[in-house]
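>>> Pasting the sequence and the predicted coordinates here, then a few questions.
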Amino acid sequence: MALSGWMDRLKKGLARTAELLNLRAWFGRKVDQSFLDELEARLIKADVGVTAAGRILDKVRDAFADKIADENLLDFVKHELVTLMEDPRGSELTSAARGPSVYLVAGINGSGKTTSIAKLAQRLKNEGRSIVLAACDTFRAAAADQLAIWAERAGCDIVRGSEGADPASVAHDACQRTLAKNAQVLIVDTAGRLHTQTHLMRELEKIRNVVSRQIPGAPHEVLLVIDGTNGQNAIRQADVFTKSIQCTGVILTKLDGTAKGGSVVGVRQTLNLPVKFIGIGEGIDDLQPFDAPQFVESLFA
Ligand SMILES: Nc1nc2c(ncn2[C@@H]2O[C@H](COP(=O)(O)OP(=O)(O)O)[C@@H](O)[C@H]2O)c(=O)[nH]1
Ligand SMILES: [Mg+2]
């Protein structure tokens, strides 16, 4: 999609957060204690996290105490947010030097894994890559059906097992199919699980081990899908996931349904993981690589 189309959609998607952080409405006000308190409260409400909000506040106080809020203050806050959101690892997905690239996708139930995989598959397909999807969510047949519908739309191959099949064996078959077809990308969907469900976390480790045995260097990314409306709670869950399966990046979804667009900061700072993609809607185009300056610009548009 054209960049301008995406920017418009991003602005629309982030509208609720933008409304909360509307600093332009504060222009002309004196930057006193009540101003600072209110700014801090709003940043926390936007899910920037207490620590990051405190850091921004200290800097604003140092630079602007007793001045009149204006465009300079807005630019200053924007710059601070970009700094907190940006990750040197960037949003580009790691590709295998040779052979297929494998992306393992995990997260709690309903976070948006399957939808995000569909969007991602469509993106990669549009870039001309051949893709296999592995439906390792074998809990419910409906889960694989959902992925199959998306796969057909995007023109991707899909490997699925019967309901209740061992997800690791589906992953194994999907690796074999990927290699046999010489496909460039394998994306592995998994069942939602809570970080407290030890046996399910182990199952995820097993899937990880299977793909790493079948395909050299795999998984090339372990993407954790986090529902942006879940805020700080999701970040705590994510912490356990990252310890168990060594996540390499985050897909932050549902930013359109929430005023918690600041959760990008929380993810980046608390989990020390790059946000690779953001989801701002249920449509196939509503997932894009995360770009901090673009994101912050849309937040204050
Ligand atoms: N508004 C909105 N809804 C989303 C987004 N991503 C996923 N969803 C919805 O969230 C629900 C759960 O998604 P699903 O992919 O099935 O989650 P999974 O259980 O993690 O696989 C579905 O109704 C999706 O349409 C998003 O970025 N924005
Ligand atoms: Mg799913």
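Yes, it's here. Numbers count the residues shown, from 1 in each chain. Ligands and ions are numbered 1, 2, ... in the order given.
>>> going forward, measure contacts and count neighbours with C-alpha atoms only.
Fine.
>>> quick one: contacts of stretch 285-301?
1, 7, 10-11, 14-15, 17-18, 21-23, 78, 81-82, 85-86, 91-92, 116, 119-120, 275-281 (CA atoms under 8 Å, 6 or more residues apart in numbering).
>>> Now do the most far-flung residue of the chain relative to its centre, the pLDDT please.
For the chain, the residue at maximal distance from the C-alpha centroid (CA atoms, centre = their mean) is residue 66, at 38.3 Å. Residue 66 is assigned 96 on the pLDDT scale.
>>> On the three-state scheme, it is what?
coil (DSSP: H, G, I helix; E, B strand; the rest coil).
>>> before we move on, back to that, so which of the contacts of stretch 285-301 are also by ligand 1?
279-281 (CA under 6 Å from any ligand atom).
>>> Not counting sequence-adjacent ones, nearest residue to the residue farthest from the centre of the chain?
Computed as CA to CA, 6 or more residues apart in numbering, the closest residue to residue 66 that is not its neighbour in sequence is residue 31, at 5.0 Å.
>>> right, and residue 31 touches residue 70 too?
No. Contact criterion CA atoms under 8 Å: residue 31 and residue 70 do not qualify, at 9.9 Å.
>>> higher neighbour count, these two?
The neighbour comparison of residue 31 against residue 70 (other CA atoms under 10 Å) goes to residue 31, with 22 against 18.
>>> With ligand 1 as the reference, measure out to that one.
Distance, residue 31 to ligand 1, by CA to the nearest ligand atom, to the nearest Å: 36 Å.
>>> try residue 54
28 Å.
>>> For that residue, give me the pLDDT.
On the pLDDT scale, residue 54 gets 96.
>>> Verify the stated contact: it with residue 39.
No. Counting by CA under 8 Å, residue 54 sits too far from residue 39 to count as a contact (10.1 Å).
>>> the more surrounded of those two?
residue 39 (21 against 16).
>>> residue ranges with poor pLDDT in the stretch 151-300 of the chain?
195 (pLDDT under 70).
>>> for ligand 1, what are the nearby residues on it?
That would be 192, 253-254, 256-257, 279-282, which are the residues of the stretch 151-300 of the chain within reach of ligand 1 (CA under 6 Å from any ligand atom).
>>> Apply 8 Å and report the result again.
189-192, 225, 227, 252-257, 278-283, 286-287 (CA under 8 Å from any ligand atom).
>>> Now, the residues you listed that are in strands?
189-190, 225, 227, 252-253, 278-279, 287 (DSSP state E).
>>> Counting neighbours, what do you get for the closest residue to residue 13 other than its chain neighbours?
Closest residue to residue 13 apart from its sequence neighbours, by CA to CA, 6+ apart: residue 256 at 4.1 Å. Residue 256 has 25 neighbouring residues, counting by other CA under 10 Å.
>>> can you start the count at 572 instead of 1 from here on
Sure, I'll start counting at 572 from here, so that last one is residue 827.
>>> about what we covered before: any of the residues of the stretch 722-871 of the chain next to ligand 1 buried? List them.
760-763, 796, 798, 823-828, 849-852, 857-858 (16 or more other CA atoms under 10 Å).
>>> mind listing the strands for the stretch 672-821 of the chain?
Along the stretch 672-821 of the chain, counting by DSSP state E, counting those that start in this stretch, strands occupy 672-678, 702-707, 728-731, 756-761, 792-798, 820-824.
>>> Now tell me what touches the fourth one from outside.
With CA under 8 Å, 6+ apart as the contact definition, strand 756-761 has outside contacts at 671-677, 684-685, 688, 692, 700-708, 738, 742, 745-746, 749, 775.
>>> Stretch 785-802 spans what distance, first to last residue?
By CA to CA, to the nearest Å, the extent of stretch 785-802 from end to end equals 36 Å.
>>> Check the offset of that stretch from the chain's centre.
9 Å (CA atoms, centre = their mean, to the nearest Å).
>>> Stretch 672-685 too?
10 Å.
>>> Also stretch 660-673?
With CA atoms, centre = their mean, you get 17 Å for stretch 660-673.
>>> With just CA atoms, put that stretch into PDB.
Only the C-alpha atoms of stretch 660-673 are listed here, as PDB (Å, rounded to 0.1, in the frame of the first residue of the first chain):
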ATOM      1  CA  ARG A 660      17.600  -4.000  15.600                       C
ATOM      2  CA  GLY A 661      14.900  -2.300  13.400                       C
ATOM      3  CA  SER A 662      11.800  -3.900  12.100                       C
ATOM      4  CA  GLU A 663      13.200  -5.900   9.200                       C
ATOM      5  CA  LEU A 664      12.700  -9.600   9.600                       C
ATOM      6  CA  THR A 665      15.900 -11.700   9.700                       C
ATOM      7  CA  SER A 666      16.200 -13.800   6.600                       C
ATOM      8  CA  ALA A 667      18.100 -17.000   6.300                       C
ATOM      9  CA  ALA A 668      21.400 -16.700   4.500                       C
ATOM     10  CA  ARG A 669      20.500 -19.900   2.600                       C
ATOM     11  CA  GLY A 670      17.400 -21.900   2.500                       C
ATOM     12  CA  PRO A 671      14.000 -21.000   4.000                       C
ATOM     13  CA  SER A 672      13.400 -18.400   6.700                       C
ATOM     14  CA  VAL A 673      11.300 -19.700   9.500                       C
END
